[in-house]
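*Asks:* sequence isn't available, so here's the structure alone:
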């Protein structure tokens, strides 16, 4: 993001590259259970260095990362990597979602702990953030969404963490790649353009063949433009992200800024 003019880029202009199940690099037993949970091949820090700007983290008590039935390292390591990256940069913005679902128990006092860990970087929950430039938001640089399993927890405007209602997705739980692909295109087209909405919308490109996922995601981008949905894309997350893939997002973001100007 440092390559962009921070005074002219709104939060809603950005096309965010993300990772799906970001904290699964060392999950499971190699050659046994790991293939069932492995969605990324490098650490959170290295994903950020490669250009990832949206993270998807699943947690459970006591402060552990999980995916399906497998659990892994402590959430502390995820936050440590995020803080390391932020300390090494000055104008890179992140969107992070941490969630507990599917009957898993919420970590104790997770909201308080996250706020204490990242307080200086957190952008408060505010609908007006979408119309602010990156320069206006500095030195705060992280939109952090918290989705607990416990029902009834409502994060009010002005709170350092954002309600998960601000991040929408239509990922279907079907392993058929073509079905998911068509569903993603259809759902993306049903949402209003980025410039007229006050929430983040994430498209998740996953495929059961890891070494082909990037080409699959690139195909999605080309088909998205072909169908006239380029003004709707905001977050595109996939498995096994690579640095080369990130360059497409810079180009789309610049085109959106120029179009608005």
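*Replies:* Alright, I've got the coordinates. Treat the numbers as computed from the prediction; the structure is a model and nothing was measured.
*Asks:* quick check: residue 58 vs residue 148, distance?
*Replies:* For residue 58, the distance to residue 148 (Cβ to Cβ, to the nearest Å) stands at 12 Å. All C-beta spots, glycine's among them, are computed from the backbone N, C-alpha and C.
*Asks:* overlap in contacts of these two?
*Replies:* 99-100 (Cβ atoms under 8 Å, 6 or more residues apart in numbering).
*Asks:* neighbour count: those two, which is higher?
*Replies:* residue 58 (24 against 19; other Cβ atoms under 10 Å).
*Asks:* just the element for the more buried one, please.
*Replies:* strand 54-60 (DSSP states H and E).
*Asks:* tell me what the helix or strand following that strand is packed against?
*Replies:* Moving toward the C-terminus from strand 54-60, the next helix or strand (DSSP H and E) is strand 64-67. Applying 3 or more Cβ pairs under 8 Å, 6 or more residues apart in numbering; DSSP states H and E, we find strand 64-67 packed against strand 54-60, strand 70-74, helix 75-88.
*Asks:* which of those is buried the deepest?
*Replies:* strand 54-60 (a mean of 23; mean count of other Cβ atoms under 10 Å).
*Asks:* give the other helices and strands that it contacts.
*Replies:* Using 3+ Cβ pairs under 8 Å, 6+ apart: strand 54-60 touches strand 16-19, strand 64-67, helix 75-88, strand 94-99, strand 235-238.
*Asks:* relative to residue 10, which of those is closest?
*Replies:* strand 16-19 (12.9 Å; Cβ to Cβ).
*Asks:* neighbouring contacts of the closest one?
*Replies:* 39-40, 47, 51-56, 95, 200, 202, 234-239, 241, 245-246, 249.
*Asks:* which among those count as buried?
*Replies:* The neighbour count (16 or more other Cβ atoms under 10 Å) marks 39-40, 47, 51-56, 95, 200, 202, 234-239, 241, 245, 249 as buried among the contacts of strand 16-19.
*Asks:* the helices in the stretch 151-261 of the chain, which residues?
*Replies:* Under the criterion DSSP state H, counting those that start in this stretch, the stretch 151-261 of the chain contains helices at 177-190, 213-226, 243-260.
*Asks:* could you dump those helices to CSV with distance to residue 11 and mean pLDDT?
*Replies:* Shown next, in CSV, are these (distance: least, Cβ to Cβ, whole Å; pLDDT from 0 to 100):
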stretch, distance to residue 11, mean pLDDT
helix 177-190, 19, 88
helix 213-226, 21, 81
helix 243-260, 11, 75
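*Asks:* thanks again, I'm all set now.
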